[in-house]
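Participant: with the input below, show me the fold.
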Amino acid sequence: MGSLKSLAQGFLVAAGLIWLFNVFALYRSGDAWLALLYLLILFIPAFSLTFLKMKNTNPKAMQNSSEKWRNLLFSFQGVALAFWMFDIATTFYAINITGLAVELNPLGWPLGILGAFTYYAPTLVFSYILLFKIKENIALYAAIPLTLLTLFMGTRNLMAGAQNFQVFVDTTALATGVQYGLLALIITVNLVVPLALKRTLTQSKVVLS
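Facilitator: Okay, the predicted model is just below:
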């Protein structure tokens, strides 16, 4: 459970940073309304991360230094996955929605996704084994360069996603009615997500007790 929580936290933190970039890019382009919508969307991972933090309320479940480092390193796998998902989402928009971009990978689109998947999937599994299944310090040290390499790969996905997102900034246009509809939907989701997470956490505590 600790490994999944670390992975989720890393993913949510990276998703929040990506969304801040999106808000800035939209605001800089002059689309303040859409920037506001994206800013409100940012609250969804922010609320999720807050409730994940609140879940760790057991004072006797203190982690030693080694466990903290293992969880921290594994959380960076979640960061890389968030960067990859951002690349996939923006590539889909640039190619399938606008038709203004092409996939450079020889496999084409969407088979080009498999190129990154063949790296991220085994790396995630291998990292999990090194960090949580092998307790020797040598396994922890071996996971460090593997994590750095994963972050490098994820950063490349992030840069590609940023270029694709510029296509979204340049081409998106929403009617006034759609804008207000999206605003209402996003505000509703922002209200529902924390309530749903709170209910889930409350039920899990009752079951454990």
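Participant: could you use CA atoms for every contact and neighbour count after this?
Facilitator: Will do.
Participant: what about A89, neighbour count?
Facilitator: Using other C-alpha atoms under 10 Å, the number of residues around A89 comes to 13.
Participant: can you name the helix or strand that it falls in?
Facilitator: Taking DSSP states H and E as the criterion, A89 maps to helix 65-92.
Participant: what is that helix packed up against?
Facilitator: Packing partners of helix 65-92 (3 or more C-alpha pairs under 8 Å, 6 or more residues apart in numbering; DSSP states H and E): helix 2-28, helix 113-128, helix 137-171.
Participant: could you dump the shortest one to PDB, C-alpha only?
Facilitator: Looking back up the chat, that one is helix 113-128. Written as PDB, here are the backbone C-alpha positions of helix 113-128 (Å, rounded to 0.1, in the frame of the first residue of the first chain):
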ATOM      1  CA  ILE A 113       3.000   4.700 -27.500                       C
ATOM      2  CA  LEU A 114       4.400   1.200 -27.200                       C
ATOM      3  CA  GLY A 115       7.900   2.600 -27.500                       C
ATOM      4  CA  ALA A 116       7.700   4.400 -24.200                       C
ATOM      5  CA  PHE A 117       5.600   1.700 -22.600                       C
ATOM      6  CA  THR A 118       8.300  -0.900 -23.300                       C
ATOM      7  CA  TYR A 119      10.600   1.300 -21.100                       C
ATOM      8  CA  TYR A 120       8.200   2.500 -18.400                       C
ATOM      9  CA  ALA A 121       6.500  -0.800 -17.600                       C
ATOM     10  CA  PRO A 122       9.600  -2.900 -16.900                       C
ATOM     11  CA  THR A 123      11.300   0.000 -15.200                       C
ATOM     12  CA  LEU A 124       8.400   0.500 -12.900                       C
ATOM     13  CA  VAL A 125       8.400  -3.200 -12.000                       C
ATOM     14  CA  PHE A 126      12.200  -3.400 -11.600                       C
ATOM     15  CA  SER A 127      12.200  -0.200  -9.400                       C
ATOM     16  CA  TYR A 128       9.500  -1.700  -7.200                       C
END
